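Colleague: build me a structure from this.
(4 chains)
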2 protein chains.
Amino acid sequence: MDSQGRHLYFALFNEIGIIAQLSRAAFEARLPPGITVPHFSVLNHLVRLGDGRTPLAIARAFQAPKTSMTHTLAGLEARGLIAMRPNPKDKRSKCVWLTEQGRRFRDEAIGRLEPDLAALARQLPPERLADLVPRLAEIRAILDAARDEPA
Amino acid sequence: MDSQGRHLYFALFNEIGIIAQLSRAAFEARLPPGITVPHFSVLNHLVRLGDGRTPLAIARAFQAPKTSMTHTLAGLEARGLIAMRPNPKDKRSKCVWLTEQGRRFRDEAIGRLEPDLAALARQLPPERLADLVPRLAEIRAILDAARDEPA
DNA sequence: ACCAACTAGTGCGATATCGTACTAATGTCA
DNA sequence: TGACATTAGTACGATATCGCACTAGTTGGT
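Modeller: Model prediction:
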């Protein structure tokens, strides 16, 4: 591959890395101190797709290492936003349940993000980026599949 | 904004976050231990656009906080890949210069990344994603502009 | 029923990220 | 020129990320 072709991929991942960084910082600026994007994302995930899932299942949904998820869940539990209960089907495992505070927290967080999302939507109308999500998902799937393959 | 509209933006930034994470991990797996993507990116930046820049200029090019850049540059200097010299135009400031090892290191790193890039290019031909880069750059610019604005 | 291979979760350690606060130097404006 | 605001870089501290290695529990083949 020549320098031109290489540069396209570098540029792509560079933009993606910067957007991830900037969007994360913007999100966290609207969340209470100590609450990170992963914290919120997990709450949101559980509200949208249902709670009672295992830590590993949640980690996989975010393509995140399970050790990172342990840490994120510990933070949520310490703040009373989730409760971890033993998994009756597998004694090694646990199930993650939302608490009342957890649900309320997620709703309030979304309320606080609303003005920024609205401002963003004004500059970037949904229809202008709707096709982006499936295309990015395709790239994500390719990278994810390549993860445990031979060199 | 309703739940549907919100979800589109959440999905977008979620995909971007995951891609950033996966691509970063894949990159770093091909770099020597202790060398991170930011390390490589800075070397690559200096080779492509010229060295002798100040730390702050480099930080801005990556939309990164200057404290993070201090840390990244310290790592590169400790490994002998760059040299920091005083800036003759401003005694507060410094200039970052590539060493011979730095240039060689960057070339070798690209060589090690080559097989993965080629494999990626097979699954994601350049023409299928060429339009993605400017569209992401637009999003990046919007987020960057929103950074220091009032709530 | 047994034992080996595997799996879920976590403790630990190394390192990255980045905000705050500081120092030294520069710019500005009267 | 003097005083004040601004800027470049860094030290420091708090926290996030994540690989390795370990424990407890499960599974599958015999």
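Colleague: what is the burial count for the closest residue to residue A:113 other than its chain neighbours?
Modeller: Leaving out its chain neighbours, the residue that sits closest to residue A:113 by C-beta to C-beta, 6 or more residues apart in numbering or on different chains is residue A:30, at 5.4 Å. For glycine as for every other residue, the C-beta is placed from the backbone atoms N, C-alpha and C. Neighbour count for residue A:30, taken as other C-beta atoms under 10 Å in any protein chain shown: 18.
Colleague: correct me, but residue A:30 touches residue A:112?
Modeller: Yes: if you go by C-beta atoms under 8 Å, residue A:30 and residue A:112 touch, sitting 4.9 Å apart.
Colleague: buried by neighbour count: which residues of whatever helix or strand residue A:104 lives in qualify?
Modeller: Secondary-structure assignment from DSSP states H and E places residue A:104 in helix A:100-123. The neighbour-count check on helix A:100-123 (16 or more other C-beta atoms under 10 Å in any protein chain shown) flags A:102, A:105-106, A:109-110, A:113, A:116-117, A:120-121 as buried.
Colleague: spatially, which two of the residues you listed are the most separated?
Modeller: Using C-beta to C-beta, those span at most 26.7 Å, a distance reached by A:102 and A:121.
Colleague: just for chain A, where's the confidence low?
Modeller: A:1, A:148-151 (pLDDT under 70).
Colleague: flag every residue of it that's near DNA strand D.
Modeller: A:34, A:36, A:38, A:64-65, A:67-68, A:71-72, A:75, A:90-92 (C-beta under 7 Å from any atom of the strand).
Colleague: out of these, who has the most neighbours?
Modeller: Highest count within the residues of chain A next to DNA strand D by other C-beta under 10 Å belongs to residue A:72, 22 neighbours.
Colleague: tell me which element residue A:97 falls in.
Modeller: strand A:94-98.
Colleague: what's that strand packed up against?
Modeller: helix A:37-49, helix A:55-61, strand A:82-86 (3 or more C-beta pairs under 8 Å, 6 or more residues apart in numbering or on different chains; DSSP states H and E).
Colleague: middle-most residue in chain A, spatially?
Modeller: Centroid-nearest residue in chain A, with C-alpha atoms, centre = their mean: residue A:41, separated by 4.4 Å.
Colleague: where does chain A get nearest to DNA strand C, which residue?
Modeller: Nearest to DNA strand C in chain A, going by C-beta to the nearest atom of the strand, is residue A:56, at a distance of 2.8 Å.
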